[in-house]
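Visitor: what shape does this take:
(one chain, ligands or ions: 1)
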Amino acid sequence: MAEEKSKVLEGTISLPYRWALGPVFTRFFEEFKDKKIMGTRCPKCNRVLVPARRFCPRCFEDTTEWVQVSDKGTIKTWSLITFEFSGQVKKPPYIQGLIDLDGTDTALLHFIGGVDLSDLEKVREKVKIGMRVQAKWRDERQGNIQDIECFDVIF
Ligand SMILES: [Zn+2]
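Guide: Here you go, the predicted model:
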């Protein structure tokens, strides 16, 4: 069978969207205005979920209790981002990490700050899993994830 010819068209698709947060995510982000990080507790496994969720993804039980957790935590894992790609809110280089906030049983993805990024080779020597971090709140908060600028490493 002869090889078939196929042309490729290139272009850009723009996809504006609106996403209804629902009552749980709405409260989760509204509490940021008062510098509070709130989770929800699963009545079956007792885990505290952050970001707050309407139901436990492990037990499929509706969460019933709101719990304020610390804005301090521990780096569970991290990554140094040095390349640009579509959708970034920050220009590289920057560090993102999964953070176990004190009093939670799930990790929160956010930026890690307070680390000198002028020499990228030394970042691996400075940032370690298990390091303590604390939320760096913005002065002007609007009730979204960017109310926390980053989680600064506590050296
Ligand atoms: Zn559960």
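
Visitor: what segments of the chain are strands?
Guide: Using DSSP state E, the strands of the chain run over 37-41, 48-49, 65-69, 72-81, 94-101, 107-113, 132-137, 148-153.

Visitor: avg pLDDT for the fifth one?
Guide: By that I understand strand 94-101. For strand 94-101, mean pLDDT rounds to 98.

Visitor: from the contact counts, what lies against that strand?
Guide: In terms of contacts (3 or more CB pairs under 8 Å, 6 or more residues apart in numbering; DSSP states H and E), strand 94-101 is packed against strand 72-81, strand 107-113. No exception for glycine: its C-beta is placed from N, CA and C like everyone else's.

Visitor: between that strand and strand 132-137, how big is the angle?
Guide: Angle between the axes of strand 94-101 and strand 132-137 is 110 degrees (criterion: axes from the mean of the first three to the mean of the last three CA atoms, to 10 degrees).

Visitor: who wins for proximity to the ion among the helices and strands packed on strand 94-101?
Guide: For these, the distance to the ion is smallest for strand 107-113, at 15.8 Å, taking CB to the ion.
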